[in-house]
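Asks: Following is a predicted model, sequence given first.
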Amino acid sequence: MNTEERQHRILSQARRDGAVDVAKLAADLAVAPETIRRDLRVLEKHGLVRRTHGGAYPVETARFETTLAMRTTRQVPEKRRIAAAAAELLGDAETVFIDEGFTPQLIAEALPTDRQLTVVTASLSTAATLSTSTSNTVLLLGGRVRGRTLATVDHWATRMLAGFVIDLAYVGANGISREHGLTTPDPAVADVKSQVVRVARRRVFAGVHTKFGVSTFCRFAEVTDFDTIVTDSALPALEAHRYSLLGPNVIRV
């Protein structure tokens, strides 16, 4: 197995399993751990993985995006803490947008049930969850359903959003960086998210620390567009401060 073949296998395994371990890869591929570390440095330089202590995890790109099912199995305790903190930011909002993805779905589940809310969402899962409550009016955006995330996209969704003025939007992203803003691999998804940013009075980004410093294919917003960022405490305090200097209040939980 040459270097290119080995790196391709490492990347394929990372994308399949959600993460890879240096020691296990070295044993499986019969090479030295330093060889694997060198491979991971190359893959990270190309924006395909992010290295961690002892391993790496895949970065989402224009050709690779994790499924909703995979997202429900990774960093769940952190996502639940983030969702609970984000739901506390509801304030006096009466109309709320909840984005596609697992963390926004957890935010939906954490919203209060003792008050009337009108919730707009592109997520079939979130719409199904919220529609069981008699206190919610749920508006599901129309459009093409993406099987990977079970959410609607394309011009039907963006046209519907253009007619709203939304008090508060909970927005997710595949990556967020100070240099490139908030990004997602799919242009159709980016169009929906950018329309949400335009029509919402307040905007909250909610996402785990591993999304920070990551840039994928399509930029849909700048960090300065957001009032609040909610993430977990694994994001270093100094890095959180750097984001706060761009305008948002950064909450680490």
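Replies: That came in fine, so what should we check first?
Asks: next SSE after the worst-scoring helix or strand of the chain on mean pLDDT?
Replies: Lowest mean confidence among the helices and strands of the chain (mean pLDDT, DSSP states H and E): helix 68-71, at a mean of 74. Beyond helix 68-71 on the C-terminal side, the first helix or strand identified by DSSP states H and E is helix 76-87.
Asks: which strands and helices sit next to that following helix?
Replies: Here helix 76-87 touches helix 102-110, strand 200-206, strand 228-231, going by 3 or more Cβ pairs under 8 Å, 6 or more residues apart in numbering; DSSP states H and E. C-beta coordinates here come from the backbone N, C-alpha and C atoms, glycine included.
Asks: Helix or strand next in line after it, which one?
Replies: strand 95-98.
Asks: Give me the sheet partners of that next one and which way each runs.
Replies: strand 117-121 (parallel), strand 166-171 (parallel) (DSSP bridges).
Asks: out of everything not next to it in sequence, what's closest to the residue nearest the centre of the chain?
Replies: The residue lying closest to the centre of the chain (Cα atoms, centre = their mean) is Ala173, at 3.6 Å. Excluding its sequence neighbours, the residue lying closest to Ala173 (Cβ to Cβ, 6 or more residues apart in numbering) is Leu182, at 4.1 Å.
Asks: sorry, back to before: can you redo the helices and strands packed on helix 76-87 as JSON lines with distance to Gly163?
Replies: Converted to JSON lines, these look like this (distance: least, Cβ to Cβ, whole Å):
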{"stretch": "helix 102-110", "distance to Gly163": "21"}
{"stretch": "strand 200-206", "distance to Gly163": "13"}
{"stretch": "strand 228-231", "distance to Gly163": "25"}
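Asks: Of those, which is nearest Arg51?
Replies: Proximity to Arg51 (Cβ to Cβ) singles out strand 228-231 among these, at 19.4 Å.
Asks: And the average pLDDT for the closest one is what?
Replies: For strand 228-231, mean pLDDT rounds to 98.
Asks: Partner strands of it and their direction?
Replies: In the sheet, strand 228-231 lines up against strand 200-206 (parallel), strand 249-252 (parallel) (DSSP bridges).
Asks: okay but Asp225 is in contact with Val197, surely?
Replies: Yes: using Cβ atoms under 8 Å, Asp225 makes contact with Val197 at a distance of 5.4 Å.
Asks: just the helices in the stretch 151-253 of the chain please.
Replies: For the stretch 151-253 of the chain, applying DSSP state H, counting those that start in this stretch gives helices covering 155-162, 187-199, 237-244.
Asks: Can you spell out which helices and strands pack onto the second one?
Replies: Contacts defined by 3+ Cβ pairs under 8 Å, 6+ apart place helix 187-199 against strand 144-146, strand 151-153, helix 155-162, strand 166-171, strand 181-184, strand 218-221.
Asks: give me the low-pLDDT residue ranges for the chain?
Replies: Along the chain, the parts satisfying pLDDT under 70 run over 62.
Asks: and it, what are its domains?
Replies: Structural domains assigned to the chain are 3-58, 68-252, following automatic domain parsing.
Asks: Just say which of these is most tucked in.
Replies: Highest mean neighbour count of those: domain 68-252, a mean of 19 (counted as mean count of other Cβ atoms under 10 Å).
Asks: ok so, going back, how about the residue nearest to Ala173: which residues does it bridge to?
Replies: Under the criterion used (DSSP bridges), Leu182 bridges to Ile176, Ala221.
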